[in-house]
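J.: one predicted model, sequence on top.
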Amino acid sequence: MLNRTPELRQRHAADIAVIDREIDELVYRMYGLNEVERNIVEGDGE
């Protein structure tokens, strides 16, 4: 099992968060979303 220790679980969670953000950025660029549209998608306001 990969997540045998709390440290490894925390490290993997951090790595996944970075990759998720990179994917989000690529999708936003692919669809040409501006900052306002990105905020709507992310639920950060209008």
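T.: Nice, I can see it.
J.: just for this protein, where's the confidence low?
T.: In the predicted model of the chain, residues 1-2, 45-46 satisfy pLDDT under 70.
J.: and the longest helix seen in it, what does it pack against?
T.: Identified as the longest helix of the chain according to DSSP state H is helix 6-31. Where contact means 3 or more CB pairs under 8 Å, 6 or more residues apart in numbering; DSSP states H and E, helix 6-31 is packed against helix 35-42. Any C-beta I mention is one placed from the backbone N, CA and C, and that applies to glycine too.
J.: on that earlier part again, buried residues in the longest helix of the chain?
T.: By 16 or more other CB atoms under 10 Å, the buried positions in helix 6-31 come out as residue 28.
J.: give me the angle between it and helix 35-42.
T.: Orientation check (axes from the mean of the first three to the mean of the last three CA atoms, to 10 degrees): helix 6-31 against helix 35-42 gives 130 degrees.
J.: so what's the gap between stretch 8-28 and the chain middle?
T.: Relative to the chain's own centre, stretch 8-28 is displaced by 5 Å; criterion: CA atoms, centre = their mean, to the nearest Å.
J.: so what touches it?
T.: Stretch 8-28 has contacts (CB atoms under 8 Å, 6 or more residues apart in numbering) with 2-3, 37-38, 41-42.
J.: let me have those residues in JSON lines, extended by neighbour count and distance to residue 27.
T.: Formatted as JSON lines, the contacts of stretch 8-28 follow (neighbours: other CB atoms under 10 Å; distance: CB to CB, whole Å):
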{"residue": "2", "neighbour count": "6", "distance to residue 27": "27"}
{"residue": "3", "neighbour count": "12", "distance to residue 27": "27"}
{"residue": "37", "neighbour count": "12", "distance to residue 27": "12"}
{"residue": "38", "neighbour count": "15", "distance to residue 27": "10"}
{"residue": "41", "neighbour count": "13", "distance to residue 27": "9"}
{"residue": "42", "neighbour count": "10", "distance to residue 27": "11"}
